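next come a sequence and a model predicted from it.
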Amino acid sequence: MDFNTYDIEYHPVSPDNPAEYIKLCGVADFDIKKTFDCGQCFRFEPVGGTPHEIEFAGVAHGKLISLASEGDTLYIYNTNPDEYLRLWRRYLGLDTDYEAVCRDILSRSDNPALARAVSAGRGIRILRQDPWETLCSFVISQNNNIARIKKIISSLCKRLGERIDCRGMEAHGGDVGQYTFPTPLALAAAGTEVLRELKVGFRAEYLADAAARVLRGELDFDCIESTKDTAACAARLKTVKGVGDKVAACILLFAFGRYDAFPVDVWIGRVIEKYFGGCRDACLGPYAGIAQQYLYYYERYLKGE
DNA sequence: CTCCAGGAACTCC
DNA sequence: GGAGTTCATGGA
């Protein structure tokens, strides 16, 4: 999908500019806070003391970046136009026309709760995160809460990941010391004992199994990427212990951009019960997963507003 | 103390 | 093929 290529203004490193960055103008339907605070991603945090209206920083695809905005102007620190077009444009979902997505979703149901959720969730972008990291993150998420999921993932990275060079990024989240997400090899080598030390609990065997399968070539993310049938992809992912319907859908939606994947957790279960009369197959079309994220955000964070 | 958290495996019938 | 149980952990 080649949608909306923004004009990219590049600012290289200079004496009064320690980190290279790019500036994009007229970026619609992208709310940084909602996007990184809506439960799809566990490694981005707000930057303190920023002169921008909003700024979030985190590690993705092995690199620290920082995102800031002033109205519809978007700044991405620690990158350049080349890398943006190759990596971050796709990661951030800026290659997708969300105006059209929302129109499609709303055309498939006249449910008033859905309309309210789409309105409330406007600006959320579904990220395309690293498949391995996403798999582990959502295995850890099972029967767990978001604050604790973040802590566990952070300690996993610090103990088993590699330290990232953050020079020049001190004012953009690089002051705390950043680490990559551990590779399958690093995780397998650590073993279940170390994983338990890192408080993953009963999920230690699941993570070890996932790492072993990737190392043996039994789980191939490139193969999943090229398989068109989403249900078949889910079935492949579910061969990993600890991956059921919900986690498989999260991986497909948040790592592979399979917008038709529809994760049903306790919150979405309540939404279906309350607003859709218990009818699970609301039939929201090829962007049902995005609709799901609007509904999740609406129910979870905006109850009572 | 109990209950819950972006669930899933396991064990019964 | 469903219903109930258990899993490790910390915060409310």
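Yep, it's here. Numbering: from 1, shown residues only, chains lettered A, B, ... in the order given.

which strands or helices does the helix or strand bottoming out on mean pLDDT in chain A pack on?
For chain A, counting by mean pLDDT, DSSP states H and E, helix A:266-275 ranks last in confidence among helices and strands (a mean of 91). Where contact means 3 or more Cβ pairs under 8 Å, 6 or more residues apart in numbering; DSSP states H and E, helix A:266-275 is packed against helix A:112-121, helix A:288-301. In short, each C-beta sits where N, CA and C put it, glycine included.

can we see that at 6 Å?
With contacts defined as 3 or more Cβ pairs under 6 Å, 6 or more residues apart in numbering; DSSP states H and E, helix A:266-275 has these neighbours: helix A:288-301.

now the stretch 201-305 of chain A against DNA strand C: closest residue?
Nearest residue of the stretch 201-305 of chain A to DNA strand C, counting by Cβ to the nearest atom of the strand: residue A:201, 2.4 Å away.

quick one, what contacts that residue?
Listed by Cβ atoms under 6 Å, 6 or more residues apart in numbering, residue A:201 has no contact partners.

then residue A:42?
Contact partners of residue A:42, counting by Cβ under 6 Å, 6+ apart, are A:137, A:149, A:150, A:153.

give me the neighbour count for the residue of the stretch 201-305 of chain A found nearest DNA strand B.
Among all residues of the stretch 201-305 of chain A, residue A:244 sits closest to DNA strand B, at 2.5 Å; criterion: Cβ to the nearest atom of the strand. Using other Cβ atoms under 10 Å as the criterion, residue A:244 is surrounded by 14 other residues.

likewise for the one 4 residues further on?
Residue A:248 is surrounded by 24 other residues when neighbours are defined as other Cβ under 10 Å.

assumed it was part of a strand.
No - under DSSP: H, G, I helix; E, B strand; the rest coil, residue A:248 sits outside any strand and is assigned helix.

can you pull the contacts of it?
Residues in contact with residue A:248 (Cβ under 6 Å, 6+ apart) are A:234, A:237, A:238.

now swap in residue A:90 and tell me
Residue A:90 makes contacts with residue A:128, as judged by Cβ under 6 Å, 6+ apart.

and the contacts of residue A:42 near DNA strand B, which?
Contacts with DNA strand B within the contacts of residue A:42, as defined by Cβ under 7 Å from any atom of the strand: residue A:149.

redo the contacts of residue A:42 as TSV? Include secondary structure and neighbour count.
Putting the contacts of residue A:42 into TSV (DSSP: H, G, I helix; E, B strand; the rest coil; neighbours: other Cβ atoms under 10 Å) gives the following:
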residue	secondary structure	neighbour count
A:137	helix	26
A:149	helix	17
A:150	helix	17
A:153	helix	22
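
which one among the contacts of residue A:42 gets closest to residue A:55?
residue A:150 (18.2 Å; Cβ to Cβ).

which residue packs closest to the closest one, ignoring adjacent ones?
residue A:42 (4.8 Å; Cβ to Cβ, 6 or more residues apart in numbering).

ramachandran angles for that neighbour?
Here is the backbone geometry of residue A:42 (degrees, to the nearest 10): phi -120, psi 10.

domain assignment for chain A?
Domain assignment for chain A by automatic domain parsing gives A:8-96, A:131-254.

what about the first one, near DNA strand B?
The one in question is domain A:8-96. Yes - contact between domain A:8-96 and DNA strand B is present through A:38, A:39, A:40 (criterion: Cβ under 7 Å from any atom of the strand).

ok, stretch A:279-291 next?
No - applying Cβ under 7 Å from any atom of the strand, one finds stretch A:279-291 out of contact with DNA strand B, separated by at least 9.0 Å.

returning to what we had before: now the residue of the stretch 201-305 of chain A closest to DNA strand C: how far from residue A:158?
Note on residue A:201: its distance to residue A:158, by Cβ to Cβ, to the nearest Å, is 18 Å.

which ones are touching the residue nearest to residue A:164 when sequence neighbours are not counted?
Using Cβ to Cβ, 6+ apart and skipping the chain neighbours, the partner closest in space to residue A:164 is residue A:178 (4.5 Å). Residue A:178 makes contact with A:59, A:64, A:164, A:166, according to Cβ under 6 Å, 6+ apart.

redo that, cut-off 8 Å
Counting by Cβ atoms under 8 Å, 6 or more residues apart in numbering, residue A:178 touches A:59, A:64, A:163, A:164, A:166.

helices of the stretch 1-150 of chain A, start to end?
Under the criterion DSSP state H, counting those that start in this stretch, the stretch 1-150 of chain A carries helices at the ranges A:32-37, A:81-83, A:89-91, A:98-107, A:112-121, A:131-140, A:146-160.

ok now the longest one, how far from the chain's centre?
Helix A:146-160 has its C-alpha centroid displaced from the chain centroid by 15 Å (Cα atoms, centre = their mean, to the nearest Å).
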